[in-house]
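> Turn this into a model:
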Amino acid sequence: MVRDILVDVSFEERRAAILENDEPVEIFIETAGRIKLIGNIYRGVIDKVLPGMQAAFVDIGTGKNAFLYAGDVIPLDCSGETVKSHERQVKIQDSVKPGQVITVQVIKEPIDTKGARVTRNIALPGRNLVLTPYDTGIGVSKKISDAGERERLKNLAVQFCPDRMGLIVRTVAEGIEACEMEYDIRYLLDLWRSILEKERRGSVPGCLYQEPELVQKLARDYLNQDIRRFILNDRMEFDKLMEFLDAVSPVMKTKVEFFSEDYGLFAFYNVESAIHRALSRKVWLKCGGYVVFDKTEALTVIDVNTGKFTGRDSQEDTILKTNLEAAYLIARQIRLRDISGIILIDFIDMKASSHKNQVLAALSEAVKYDRTKVFVLGMTSLGLVEMTRKKVNNPLRQVLSIACRRGTGGVPAILCRKGYENHIRCTAAFQFVRNRGGRTS
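The predicted model follows:
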């Protein structure tokens, strides 16, 4: 599979897209008005403890209290040692008290009216490794399939793992040498020491560590041997990325390209049209069928229809072909739209068990490429496919929506035709000036 990363910079907004075989599958948007919290580490204060929910509210200084579940509390014994994982089944009221100052990390963005979800099990990601200061043990990414390479990386991690800490070897680490792993560990340990220093001296509540900006984060988490190109349309961001790669992975610099054309990067690679489809309720299949996406408070419902497709052979073959094409499209759209939680798919009714199994297998195979955890649970007696996707970020529609002035909903900005066309023109004009080193104001 051919994979590319595109980064479009304009005014105070950065947009990025992951392409697989030239088809957009993930969109990332970073604006000055919407700060990402996930991955950040805060020194917070316990505001309330809720024994009935086995959770606590934590004031981390972001305006909305974060949510800490009992299972995400790392209790310490009297000597300060981390309690072993099998001993962590404790009550929230025995672990934290109102007014207590604790250090937490955001693991889920605020969604709708809910605050961010946090944990005390800190994880510091580097280029090749993740350092877990409060949790011992060695792990290797499941996406590294070669058994010999997994064993080699695990042995290296055991060799360099700091005392009373843990390490997780990331997918990008496949094939690295011992010196690269050692460098990564030193960097992460220095970072952890700086966090501990801020913890002792900083204000409460306050931020101890903030995840890097979008471009560097994409390079850290995605840029590996599987990526064909990393394309940016902004000279300043291009230069900053090259400096970053000089320090962490010089060999990857050959994959970075500067897009110097005067027209939009996303328009050129058909990402704008893909975003438009991702904000539409109905998406057409190439065969002539279509898929409908409906969001409710509790779950997302997806309906598959034959539409204009009548087929050439039997009805069962027509239905099977439509369902198979829909399975792959649904997997891509779920990633692109960043749909999470409970998902129900109403495929077109199939009589043959073998056809049902084919469609389930196709869907299960398609969601394997999703970095967010997805579980295909099977088909109910009513013929509905049940699946879940872990909630991490807000869905694309919410990120790109403008709040409704008269109600509680929102209008996708991209669907406001005049505003969208003005946005494209302004973006192109801004990029034309900036790429030539001129001033924008």
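
> From here on, just use CA atoms for contacts and neighbour counts.
OK.

> any weak-confidence spans in this protein?
33-34, 75-89, 311-312, 401-441 (pLDDT under 70).

> residue ranges of the helices in it, please?
For the chain, the helices defined by DSSP state H cover 92-95, 147-160, 178-201, 214-221, 235-248, 265-268, 271-278, 315-337, 353-366, 396-399, 417-434.

> Now the phi/psi pair for Glu213, please.
Dihedral angles of Glu213 (phi, psi; degrees, to the nearest 10) stand at phi -60, psi 170.

> out of the helices of the chain, nearest to Gly44?
helix 178-201 (10.2 Å; CA to CA).

> packing partners for that closest one?
The helices and strands touching helix 178-201, judged by 3 or more CA pairs under 8 Å, 6 or more residues apart in numbering; DSSP states H and E, are strand 124-125, strand 129-132, helix 147-160, strand 206-209.

> Out of these, which is closest to Asn224?
When these are compared by CA to CA, strand 129-132 sits nearest Asn224, at 13.5 Å.

> is it possible to export the helices of the chain to a markdown table including distance to Lys286 and mean neighbour count?
Below are the helices of the chain laid out as a markdown table (distance: least, CA to CA, whole Å; neighbours: other CA atoms under 10 Å):
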| stretch | distance to Lys286 | mean neighbour count |
| --- | --- | --- |
| helix 92-95 | 52 | 16 |
| helix 147-160 | 39 | 15 |
| helix 178-201 | 46 | 15 |
| helix 214-221 | 31 | 19 |
| helix 235-248 | 37 | 16 |
| helix 265-268 | 21 | 16 |
| helix 271-278 | 14 | 18 |
| helix 315-337 | 8 | 21 |
| helix 353-366 | 17 | 17 |
| helix 396-399 | 23 | 19 |
| helix 417-434 | 26 | 15 |
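
> looking at the ones you listed, which is closest to Arg228?
The nearest among these, by CA to CA, is helix 214-221 at 12.7 Å.

> re the thing from before, identify whichever of the helices and strands packed on helix 178-201 lies nearest to Val90.
Nearest to Val90, of the helices and strands packed on helix 178-201 and by CA to CA, is strand 129-132 at 20.9 Å.

> Contacts for that closest one, please.
Outside strand 129-132, the residues within contact range by CA atoms under 8 Å, 6 or more residues apart in numbering are 121-125, 165-170, 173, 181, 184-185, 188.

> Just the buried subset of these, please.
Buried residues within these, counting neighbours by 16 or more other CA atoms under 10 Å: 121-125, 166-170, 173, 181, 184-185, 188.

> hmm, back to that, make CSV from the helices and strands packed on helix 178-201 and add distance to Leu400 to it.
Shown next, in CSV, are these (distance: least, CA to CA, whole Å):
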stretch, distance to Leu400
strand 124-125, 28
strand 129-132, 31
helix 147-160, 40
strand 206-209, 27
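
> wait, which of those is closest to His276?
Closest among the helices and strands packed on helix 178-201, using CA to CA: strand 124-125, at 32.9 Å.

> Could you list every helix and strand in contact with that closest one?
On a contact count with 3+ CA pairs under 8 Å, 6+ apart, strand 124-125 meets strand 129-132, helix 178-201.

> rerun at 7 Å
Using 3 or more CA pairs under 7 Å, 6 or more residues apart in numbering; DSSP states H and E, the elements in contact with strand 124-125 are strand 129-132.

> List the residues that contact Asp72.
Neighbour list for Asp72: Thr119, Arg120, Asn121 [criterion: CA atoms under 7 Å, 6 or more residues apart in numbering].

> before we move on, the earlier item: determine which of the helices of the chain approaches Glu26 most closely.
So among those, helix 315-337 is nearest, using CA to CA, at 4.6 Å.

> Could you tell me the angle between that closest one and helix 353-366?
Interaxial angle, helix 315-337 versus helix 353-366 (axes from the mean of the first three to the mean of the last three CA atoms, to 10 degrees): 20 degrees.

> tell me how far helix 315-337 is from the chain's mean position?
Computed by CA atoms, centre = their mean, to the nearest Å, the chain-centroid distance of helix 315-337 equals 23 Å.

> Which neighbouring elements make contact with that helix?
Here helix 315-337 is seen to pack against strand 23-31, helix 271-278, helix 353-366 when contacts are counted using 3+ CA pairs under 7 Å, 6+ apart.

> Next, the angle from it to helix 271-278.
Per the same axes, to 10 degrees, the angle that helix 315-337 makes with helix 271-278 is 110 degrees.

> Tell me what angle helix 315-337 forms with strand 23-31.
Angle, helix 315-337 to strand 23-31, by the same axes, to 10 degrees: 20 degrees.

> Touching helix 315-337 from outside, list them.
Residues outside helix 315-337 that contact it (CA under 7 Å, 6+ apart) are 25-27, 278, 285, 289, 291, 304, 306, 310-311, 347-348, 350, 355, 359, 362-363, 366-367, 370, 395-397.

> Output the helices and strands packed on helix 315-337 in a markdown table; the columns should cover distance to Phe375.
Formatted as a markdown table, these follow (distance: least, CA to CA, whole Å):
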| stretch | distance to Phe375 |
| --- | --- |
| strand 23-31 | 18 |
| helix 271-278 | 21 |
| helix 353-366 | 8 |
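
> I'd like to know which of those is closest to Leu299.
Closest among these, using CA to CA: helix 271-278, at 17.4 Å.

> Now do that closest one: distance to the chain's middle.
18 Å.

> And for stretch 333-344?
Remark: stretch 333-344 is offset 12 Å from the chain centroid, using CA atoms, centre = their mean.

> What's the end-to-end length of that stretch?
Its first and final residues considered, stretch 333-344 spans 14 Å by CA to CA, to the nearest Å.

> How about stretch 209-223?
The first and final residues of stretch 209-223 sit 22 Å from each other (CA to CA).

> can you list contacts of it?
Identification of contacts with stretch 209-223 by CA under 7 Å, 6+ apart yields Glu30, Gly39, Asn40, Ile41, Tyr42, Arg127, Ile195, Leu241.

> Make CSV from the residues you listed and add distance to Val49 to it.
Formatted as CSV, the contacts of stretch 209-223 follow (distance: CA to CA, whole Å):
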residue, distance to Val49
Glu30, 33
Gly39, 23
Asn40, 22
Ile41, 21
Tyr42, 18
Arg127, 37
Ile195, 26
Leu241, 43
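
> among the residues you listed, which two are most distant?
For the contacts of stretch 209-223, the maximum inter-member distance is 26.6 Å, found between Tyr42 and Leu241 (CA to CA).

> give me the number of residues near Val368?
If you look again at residue 368, you'll see it is Lys, not Val. Lys368: 14 surrounding residues under other CA atoms under 10 Å.

> How about it, nearest residue that isn't a chain neighbour?
Val374 (7.9 Å; CA to CA, 6 or more residues apart in numbering).

> Beta-bridge partners for the one you found, please?
Taking DSSP bridges as the rule, Val374 bridges to Arg389.

> before we move on, what about Ile302?
Those that pair with Ile302 in a beta bridge, by DSSP bridges, are Phe293, Ile345.
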